[in-house]
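Student: only the shape, not the letters, is given here:
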């Protein structure tokens, strides 16, 4: 699965959509979903919580392991994907669509970790 060109990517394998009205959507990449194996549980930050770019904000549990979920940017959580909480397999089956994880009101004042373009992320995962 190719990485959509309109998204930005973290080296921790999260993706970030372009912000609409200051709110961006976050998920994990197909590369991460494949590496994790079958996701069986997601622990997402609560609506209203503040997350810090580059810091853990939740967990994904798969049949193989438990992995931290990192916030690609700083801001306030505005929505979580209840469908993924109810059916974690969506993370594997549609990581760039129905398997999104949460939405965040991006804090423009915070310094952010470096996010990669689709081509940069693809090169990073092929190293």
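Tutor: Cool, got the structure. All figures in this text were calculated on a predicted structure; none of them were measured in a lab.

Student: what about the residue nearest to residue 18 when sequence neighbours are not counted, which helix or strand?
Tutor: If the residues on either side of it in the chain are set aside, residue 18 comes closest to residue 6, at 6.3 Å by Cβ to Cβ, 6 or more residues apart in numbering. Where you see a C-beta, it was placed from the backbone N, CA and C, and this is true even at glycine. Assigned by DSSP states H and E, residue 6 belongs to no helix or strand.

Student: how about residue 92?
Tutor: Per DSSP H and E, residue 92 falls inside helix 90-93.

Student: and the helix or strand following that helix, what other elements does it pack with?
Tutor: Using DSSP H and E, the helix or strand that follows helix 90-93 towards the C-terminus is strand 102-106. Applying 3 or more Cβ pairs under 8 Å, 6 or more residues apart in numbering; DSSP states H and E, one finds that strand 102-106 contacts strand 23-28, strand 75-80.

Student: what's the most buried one of those?
Tutor: strand 23-28 (a mean of 23; mean count of other Cβ atoms under 10 Å).

Student: next, the angle from that strand to strand 75-80.
Tutor: Angle, strand 23-28 to strand 75-80, by axes from the mean of the first three to the mean of the last three Cα atoms, to 10 degrees: 80 degrees.

Student: return the residues in contact with the residue positioned nearest the centre of the chain.
Tutor: Centroid-nearest residue in the chain: residue 27, 2.7 Å away (criterion: Cα atoms, centre = their mean). Counting by Cβ atoms under 8 Å, 6 or more residues apart in numbering, residue 27 touches 14-15, 91, 95-96, 99-101.

Student: need the residues you listed in CSV with distance to residue 36 and neighbour count, can you?
Tutor: CSV is the format used below for the contacts of residue 27 (distance: Cβ to Cβ, whole Å; neighbours: other Cβ atoms under 10 Å):
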residue, distance to residue 36, neighbour count
14, 13, 22
15, 15, 28
91, 8, 26
95, 10, 23
96, 15, 19
99, 12, 23
100, 16, 22
101, 13, 26
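
Student: circling back: name the nearest residue to the residue nearest to the centre of the chain, ignoring sequence neighbours.
Tutor: Computed as Cβ to Cβ, 6+ apart, the closest residue to residue 27 that is not its neighbour in sequence is residue 100, at 4.2 Å.
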